[in-house]
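>>> Quick one, what's the 3D model for this:
(4 chains, ligands or ions: 2)
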Amino acid sequence: MDSQGYFGRFGGRFIPEVLVATFEELDRAFDELKRDPAFWQEYVDLMSTYSCRPTPITYAENLTRHLGGARIYIKREDLNHTGAHKANNVMGQGLLVRRMGKSRVIAETGAGQHGVATATMAAKFGLECTIYMGEVDVERQRPNVFWMERLGATVVPVDTGTRILKDAINEAFRDWVANMDTTHYVFGTACGPHPFPALVSYFQSIIGVEAREQMLKSTGRLPDRVYACVGGGSNAMGIFQGFMQDDVELVGVEAGGHGVETGEHAVRLAASDASLGVAQGYKTFFLQDEDGQMRETHSVAAGLDYVGVSPILSSFKESGRVRFESATDAEVVEALALTVRKEGVIPALESAHAFAGAFREASQMSNDEIILINQSGRGDKDIFTIADAFDDPKWRDFIRRKAAQYDA
Amino acid sequence: MDSQGYFGRFGGRFIPEVLVATFEELDRAFDELKRDPAFWQEYVDLMSTYSCRPTPITYAENLTRHLGGARIYIKREDLNHTGAHKANNVMGQGLLVRRMGKSRVIAETGAGQHGVATATMAAKFGLECTIYMGEVDVERQRPNVFWMERLGATVVPVDTGTRILKDAINEAFRDWVANMDTTHYVFGTACGPHPFPALVSYFQSIIGVEAREQMLKSTGRLPDRVYACVGGGSNAMGIFQGFMQDDVELVGVEAGGHGVETGEHAVRLAASDASLGVAQGYKTFFLQDEDGQMRETHSVAAGLDYVGVSPILSSFKESGRVRFESATDAEVVEALALTVRKEGVIPALESAHAFAGAFREASQMSNDEIILINQSGRGDKDIFTIADAFDDPKWRDFIRRKAAQYDA
Amino acid sequence: MLEKHLRTKLVDKDLLLMTHLVLGYPDFETCRKTVGEMVAAGVDLIELQIPFSEPMADGPVILRANQDALAAGARVEACLDVAAELAAGFDVPFLIMTYFNIVYRYGVERMADRLQAAGIAGAIVPDLPPEEADGYPEILRQRGLAPIYLFSPTSTDARMARIAEIGEGFVYCVARKGVTGAATTFSDDLAAYLARCRRATRLPLAVGFGVRERADVEFLRGKADIAVVGSETLRVLDTHGVSGVGAFLRGLIAA
Amino acid sequence: MLEKHLRTKLVDKDLLLMTHLVLGYPDFETCRKTVGEMVAAGVDLIELQIPFSEPMADGPVILRANQDALAAGARVEACLDVAAELAAGFDVPFLIMTYFNIVYRYGVERMADRLQAAGIAGAIVPDLPPEEADGYPEILRQRGLAPIYLFSPTSTDARMARIAEIGEGFVYCVARKGVTGAATTFSDDLAAYLARCRRATRLPLAVGFGVRERADVEFLRGKADIAVVGSETLRVLDTHGVSGVGAFLRGLIAA
Ligand SMILES: Cc1ncc(COP(=O)(O)O)c(C=O)c1O
Ligand SMILES: Cc1ncc(COP(=O)(O)O)c(C=O)c1O
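Numbering: from 1, shown residues only, chains lettered A, B, ... in the order given. Ligands and ions are numbered 1, 2, ... in the order given. Model (predicted):
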C-alpha cells in the first residue's frame, strides 16, 4: 500500500471534500493504533473474552473421506459471537471509536450480519447506533433487523437505488457527511475509501494469524491451498494474510449466482464481466455498464451480492497472488447440504461458496495435500433463505400457520 | 451417589426389565471411561477443535454499572457449536457411543436444542439418528426441526400425552427397548434412570471446571454466587460442579411461567407445588396431581418446561447446598431485553431465567462481591418465540408477507 | 395362592389365556361389559391397568387408552373401586397392572391393603425392577398378593434366577425387545428363550407382547402356561365393540 | 475564461445565481424547457448533472432524480448531446456536474474534448478530491474548461489554499456538513466560514447546499458571489412543473 491507500492500481480515496477531514482523523487514529504496541493485545483480549477467539480449526474427517482427495480443515469463524467473522472487524473498530472519543456509530449492512455485529458492538461500548440497510434486504433479513432493534440500534431501510447493500453504503456516507463530529462509520468489509480496506483487513488478519499457527500445530505444516468466499473481501483478506509470505495457494470464491453467462451473479474477479471503476469512494473492479452505471447483481447469499470488491484483492488478482473462482447458487446449496450432513457444521450461504470451490478441487488433489476452508459464518441465521433454497414444504406450512395465528 | 444411582433419596433406575441389560452395559462403559486417564483429554480435545472450548467468561461491565451492586460475569456457553451447553453432553456421549460400537443414536428434545446437538453429533460421528419431539414442540420449534433434518436425522413428532418433552422421552424409551443392540439413547439432561444424571453431569462439569479457573485468573478469586437456570438441570449441574467444594453460593432458577400461584409454571424445587414421585425411570420431585399423574407445565422457555428435575439437584435442595428461585415469563423477557441492550449478548430464553434471578439480587449486593451467571445458550435461535414474547408487529407483518409469498 | 389357582387350572388346560384392559377406557361401564365378555369367552386371568400419564413400557394402543381414560377422568380411587367390584362379580383372578408412581403416591402398604380388600390376586408394575423393590414384594406377599415380575430376552440366567426368587404367581415373559403391541416373530429364537425361562423358574410362564391370532396361541402351547393378549384385545374393542371382544377371544381359544 | 465571465457579470450584480438540474430527469424535453425558464428568469450559471447510479454526495431529492433519469434511459452520450445543444442555444455558461466514474469510464481526455466541443464552461466532480486528481485539472484547463473544486467547513486553511491553486472558475463552498438538500442555518458561523473561504482564494465563491428562499439569497449578498439553488429547484419542478420553476426563481432574485 502506498501513502494514498493504493494497492497497485486499486484503492485510493474518492470522497467529497466535506469528508476529507474525517478521513484524515481516521488515518491518524489508525496509524497510532498500529504503532501502539499494546493495542493488538488489547484487541486479542477483547476478542478472547467477549467472543471466543481463537476460533478452532476443525478437521473435516468425513468430507475428506467422502471426497477422497486432500485433507480438509475448516477455520471456524462461525463460532464467533454474533456468528461470523464480522465480529472481528466491528470489535476492533469499537476500540478505535473509543480512542477517537466518538459517541455514535453508523454502518451499512447487506445480509444483516454486519449490522447485527455493529449493533452488538455499540451495545457493548455504549454507543448510539444507526444501521442503513437496503429495503430489499430488510425484507429478506427480518430476523437480523429484529435483533438490531433489540440491541438498541435504529435500522433505516434505504429505499433508493436498487435498495440493497451498495445503496445502504451511499446512505451511510450521507449520514456521515452530516454527523462526522460525533460519528464513526464502521465500514463492514475491506472496501471503501482508504483507510477502510487496510483497517478492516488489519482486524480480520487475526483469522489468518491464528489459522497459520493452528495448522502448524495440528498438522505440522502449512496447508497447500486456502479457500475463502469473497463478498467485499474481508474474510478472505483475513485468512489470506496469514499465508501471504508462504508457498500456499490462495483461492477466493465469488458468487456465481445463476451462472456467469446469465449475467445474474456477483463475479468481479473470477470472470471478465467487471471493469475498473470508481464508486463508493474507491477504485476497483465493479460490475458496471459501459456508461459506468453500477449493474444489479445476484447471489443466493445476500452478503456476497455486491458490485465492488476489495482493492487489495483486485491487486492480488492482477499480481496473480490469489486465484479467483466462482460457484453458482445451485453448487453452493449442494455444498452446504453436504457439509451439514457430513460434518454437522452449518456454513453461512456466503461461506458455503468457499466450500463449493474447495470441494470441486479437493478430490483432484492427493491424500497428503491439505486444504483449509474459511467458514466465515454460521448458516442458522439464514434459515429463511436456506429453507427457501432447499424449497422445504414443511417450512412453508409452518410459516403459513404462523401467519394464520397472527391473523386470528 | 451410591451404587444404585441414588443421591440422597433421589435418582435410582426404574426401568422395564427389557432395558436392564442395556443400562448395565452403559454403566460399564461409563465406568471404564471415567477410569481411563486419557478419556477426559480426548473429550477436551474434541470440544476445543469442534466446538470452541474453553468458552470465555465475559465481564458484564454495563449491567454491573446499571444494577449498581455486585460485579457480574457471564459464562458464555452460548458460544458453543450449535449454540448451547447441550453440545458438551452430546459430544461426550458421542465418544461413549463410539467406544460401545453402536451405530445409531436416538434422543428426545423439547426446545429442539438437544435434538439439533444430537443430530450434529450423529453427523460428525457418522451415526444414524432419530429424534423424538412432542408435536407441540415440533410446531413451536420448526427451525430446529429443519436443521435436524438437514443434518440427516429423522424427526418423529410425538402425538401422545401432552405432546411435549416428557412424551418425547417416553417415546424414545420405547424405541430404545426395541433397538437396544444397535442404539444408544443420548439423554439430554441430568435426569432419567441412573447413570444418566451422573453421566450428563460428568460431561457438563467441563463448564464449571473451566469457569472456576477463569474466575480465579481474571478476578483473582471465586465468585460469591453462581446462577444457572434449571430445566432438567444439566447446565446448572455443569457450572455448579466447579464450585461444589468452595464457599460459593449456588442458585438455581426455575421457570415461574405465569407465576407459581397460577399453577402454570415449571417450578419443582423453588416452591412446594411439586412432590416426590417416580416417572421416566427415576425418583425426584415431579409436578403431579394427587393420583401421581404428571401435570401440564408452562414456561416461555421450551427447554425449562419439564415435569421432573435432576435427582442430584433435588438432593442439593434437600441438603441446602443449592438455593432455588424462580422467575416468571415477564421477568425473564425483561431480563433478556436488558441483557441484549446493555451487553450485546442474546441469552436463550432458558438462560435468561438465570439472568433474571441474578438481576433481582445483584443490586442488593456490594461492589466487591462477584456473581457469575451461566449463559447456557444463545437466543437467536428462539427468534419465533422471542419475537412473540416482545410482541413485535414488524415481525408479524414479515411472517404474513412471507406466507403470502408462499401462497402466491 | 395365585400360583396354586393357576396350577389347578393347568391340570385341565395346557394353555391359559390372560387378557388386559385399561380401567376407565373408554369408560367404566364398557370395562364392566368387556370383562363380562372375557369371562364368558373363557378367559382365565384378567389384568386391569390403572392408567398412568407416562406409561413408558406401553406401545401406542395401550398408551392412547391410558391417556383417553385419564382424559375421561379415571381417578385411581375409582379404578380401585371398579376393580373391587369386578373381582367380586366374576370368578376369575384379577391382577392390577400399573406404573410405580401410582403405587408410590398411593402408598405401597396402603395400596396393598386396598388390593387385598378388593380381592385382587396380584400386581404387575413394569417399571419397578427388583433392584428398586424396597420391600414391595414382601408387602404384597404378606397380604396374599402375588408380586408378578418379568423376564426379558436380555435377562441373563443369573438375573432370571434372582427374579424368580422374589416373584410369585407366575412370571411374565416379554416375548421380544420392544414395547407392547408390535409384531413379534414366533420363531425358534422365541422357543429357545422360553426354554431358558422354564429352566430359570418353577413358576408358571406367561408370554406377552404381540399375541394376536390363533396361530400365536398355538405356538405357545407346550412352551408356556399363559398366553397374554393385550393390545390386540384393545384394538378389537376399538373396532368391533364389546361383543367383538367376545368373538375374537372365542376364536383364539376354541379347540 | 469562466472566471473572467463571472467577474464581468459581477460588475453589474453583486450576487449571481446558479441553478442545477439532472439531465434526463424527468426527460430531456423537460430539461430543455426548464433551462429556458431558468435563463428567462435571469439565472447566471447552470449546472447540468449527468446522472450516476451511486451519487454518494447527493441528498434524497437529487438522488432520486438521478435514479429516475437512469430508469428513463438517460445514457451518458445522450446527456452530452443535450448539454451541447443547451450550451449552443442559451447564452449562459453551463457546467457539467457528475461523479468521477462517469468521467473515468468515458476517459478523462475524451470527456474533456467532448465538453470543450460542446461549449461547456467547466466541470464539478464532487468525489474527486485534489489528492486523486491524477492530471484531471490540467486536462480540463488545457481545453479551456474550468475544473471547479469545493471547500467545506472542515477544510483547513492550508487545504483551502491548495484547492484554490488547482481550481478554476470559482470555488464551490459547501455551506455545511451534510449532503445536498437539507436545511442549513444561515448563521454567524456560516458568515465566518465564508470569510475564511474568501481569504483562501481570489476565485469567486459559490455557496451551495440548502439555499431555498429569498432570505437565504439575501444573507449571502456581500459574503459570496454566487448563490446555488440545487435541490429546491428540483422540488419546485416536481410540485409546480416547469413554469413553477420560472416563478420560483424570479421570486428569489427579484430586487
Ligand atoms: C458470513 C459471511 N461471510 C462472508 C461475507 C462476505 O463479506 P466479506 O467478503 O467481506 O467477508 C458476509 C457478508 O455479510 C458474511 O455475512
Ligand atoms: C439453552 C438452554 N438452556 C437450558 C436448558 C435447560 O436444560 P438443563 O436444565 O438441562 O440445562 C435448555 C434445554 O433445552 C436449553 O436449550
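>>> only C-alpha atoms for contact and neighbour calcs from this point on.
OK.
>>> tell me which residues in stretch A:32-44 are buried?
Neighbour counts using 16 or more other C-alpha atoms under 10 Å in any protein chain shown place A:Leu33, A:Phe39, A:Trp40, A:Tyr43, A:Val44 of stretch A:32-44 among the buried residues.
>>> when you scan it, is anything in it near chain B?
No: taking C-alpha under 8 Å from any C-alpha of the partner chain as the criterion, stretch A:32-44 and chain B are apart, separated by no less than 12.6 Å.
>>> Please export the alpha-carbon coordinates of that stretch; CSV is fine.
Output in CSV follows, covering the C-alpha atoms of stretch A:32-44 (Å, rounded to 0.1, in the frame of the first residue of the first chain):
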residue,chain,number,x,y,z
GLU,A,32,-1.5,5.5,16.2
LEU,A,33,-3.2,2.2,17.0
LYS,A,34,-1.0,0.2,14.7
ARG,A,35,2.1,1.8,16.3
ASP,A,36,0.8,1.2,19.8
PRO,A,37,2.5,-2.0,20.9
ALA,A,38,-0.2,-2.6,23.5
PHE,A,39,-3.1,-2.3,21.1
TRP,A,40,-3.1,-5.7,19.4
GLN,A,41,-3.0,-7.4,22.8
GLU,A,42,-5.9,-5.3,23.9
TYR,A,43,-7.8,-6.4,20.8
VAL,A,44,-6.9,-10.0,21.3
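>>> Contacts for the top strand by length along chain A next, please.
In chain A, taking DSSP state E as the definition, the longest strand is strand A:249-257. By C-alpha atoms under 8 Å, 6 or more residues apart in numbering or on different chains, the surrounding residues in contact with strand A:249-257 are A:224-231, A:236, A:240, A:264-270, A:298-301, A:304-305, A:321-329, A:353-354, A:357.
>>> where does that strand sit relative to the chain's centre, distance-wise?
Relative to its chain's centre, strand A:249-257 lies at 13 Å (C-alpha atoms, centre = their mean, to the nearest Å).
>>> What pairs with the helix or strand that that strand is followed by, parallel or antiparallel?
As assigned by DSSP states H and E, the chain's next helix or strand after strand A:249-257 is strand A:275-279. Next to strand A:275-279 in the sheet, as set by DSSP bridges, lie strand A:282-286 (antiparallel).
>>> what residue ranges in the stretch 51-200 of chain C are flagged as low confidence?
The stretch 51-200 of chain C contains residues with pLDDT under 70 at C:177-186.
>>> can you pull out the helices in it?
Taking DSSP state H, counting those that start in this stretch, the helices of the stretch 51-200 of chain C run over residues C:60-71, C:76-89, C:100-106, C:108-118, C:136-142, C:157-166, C:188-200.
>>> Report pLDDT for the residue of the stretch 51-200 of chain A found nearest chain C.
In the stretch 51-200 of chain A, no residue comes nearer to chain C than A:Asn62, which is 32.9 Å away by C-alpha to the nearest C-alpha. Per-residue pLDDT puts A:Asn62 at 98.
>>> give me every residue that touches the residue of the stretch 151-300 of chain A found nearest chain B.
Residue nearest to chain B within the stretch 151-300 of chain A: A:Leu151 (4.6 Å; C-alpha to the nearest C-alpha). With contacts defined as C-alpha under 8 Å, 6+ apart, the neighbours of A:Leu151 are A:Ala119, A:Thr120, A:Ala123, B:Val340, B:Arg341, B:Lys342, B:Gly344.
>>> Could you dump those into CSV with distance to chain D and pLDDT added?
Shown next, in CSV, are these (distance: C-alpha to the nearest C-alpha, whole Å; pLDDT from 0 to 100):
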residue, distance to chain D, pLDDT
A:Ala119, 23, 98
A:Thr120, 27, 98
A:Ala123, 26, 98
B:Val340, 32, 98
B:Arg341, 30, 98
B:Lys342, 31, 98
B:Gly344, 30, 98
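>>> quick check, nearest of those to C:Val43?
B:Val340 (66.5 Å; C-alpha to C-alpha).
>>> There's contact between that closest one and A:Met148 in this structure, I believe.
No: using C-alpha atoms under 8 Å, B:Val340 makes no contact with A:Met148, being 9.7 Å away.
>>> So for those two, which residue has more residues nearby?
Legend: neighbour count by other C-alpha atoms under 10 Å in any protein chain shown for B:Val340 and A:Met148, higher for A:Met148 (28 against 23).
>>> How about that one: what's its closest non-neighbour residue?
What sits nearest to A:Met148 in space, not counting adjacent residues and going by C-alpha to C-alpha, 6 or more residues apart in numbering or on different chains, is A:Val116, at 5.3 Å.
>>> Assumed the one you found was part of a helix.
Yes: counting by DSSP: H, G, I helix; E, B strand; the rest coil, A:Val116 is found in a helix.
>>> Contacts only, for it.
A:Val116 makes contact with A:Thr82, A:Asn144, A:Val145, A:Trp147, A:Met148, according to C-alpha under 8 Å, 6+ apart.
>>> if I look at it, how far off is A:Asp78?
14 Å (C-alpha to C-alpha, to the nearest Å).
>>> Tell me how many other residues crowd the residue in chain C positioned nearest to chain A.
Across chain C, the shortest distance to chain A (C-alpha to the nearest C-alpha) belongs to C:Pro60, at 24.9 Å. The number of residues packed around C:Pro60, counting by other C-alpha under 10 Å, is 19.
>>> same thing with A:Ile164?
Here the count is done by other C-alpha under 10 Å, and A:Ile164 has 28 residues near it.
>>> next one: A:Phe316
By other C-alpha under 10 Å, the residues close to A:Phe316 number 18.
>>> Just the pLDDT for the residue nearest to it when sequence neighbours are not counted.
Excluding its sequence neighbours, the residue lying closest to A:Phe316 (C-alpha to C-alpha, 6+ apart) is A:Val322, at 5.4 Å. pLDDT, A:Val322: 98.
>>> Okay, helices next: where are they in the stretch 1-150 of chain A?
Per DSSP H, counting those that start in this stretch, the stretch 1-150 of chain A carries helices over the ranges A:17-35, A:39-49, A:61-67, A:86-100, A:113-125, A:135-140, A:142-150.
>>> Among those helices, show me which one is buried the most.
Mean neighbours per residue, mean count of other C-alpha atoms under 10 Å in any protein chain shown, is largest over these for helix A:113-125, with a mean of 28.
>>> can you give me how far that one is from the chain middle?
For helix A:113-125, the gap between its own C-alpha mean and the chain's C-alpha mean amounts to 15 Å (C-alpha atoms, centre = their mean).
>>> The residue nearest to C:Tyr193 when sequence neighbours are not counted - how many residues pack around it?
Counting by C-alpha to C-alpha, 6+ apart, C:Pro153 is the residue found nearest to C:Tyr193 once chain neighbours are left out, at 6.4 Å. When counting by other C-alpha under 10 Å, one arrives at 20 neighbours for C:Pro153.
>>> and the gap between C:Pro153 and C:Pro204?
Taken as C-alpha to C-alpha, the span from C:Pro153 to C:Pro204 is 17 Å.
>>> distance between stretch A:1-12 and the chain's centre?
With C-alpha atoms, centre = their mean as the basis, stretch A:1-12 stands 21 Å off its chain's centre.
>>> A:Lys317: what secondary structure?
Using three-state DSSP, the structure places A:Lys317 in helix.
>>> I'd assumed A:Arg323 was in contact with it.
Yes: between A:Lys317 and A:Arg323 there is a contact at 6.7 Å, judged by C-alpha under 8 Å.
>>> I'd like the contacts of A:Leu151 written out as CSV, with distance to C:Pro93 added.
Formatted as CSV, the contacts of A:Leu151 follow (distance: C-alpha to C-alpha, whole Å):
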residue, distance to C:Pro93
A:Ala119, 73
A:Thr120, 71
A:Ala123, 72
B:Val340, 65
B:Arg341, 68
B:Lys342, 69
B:Gly344, 68
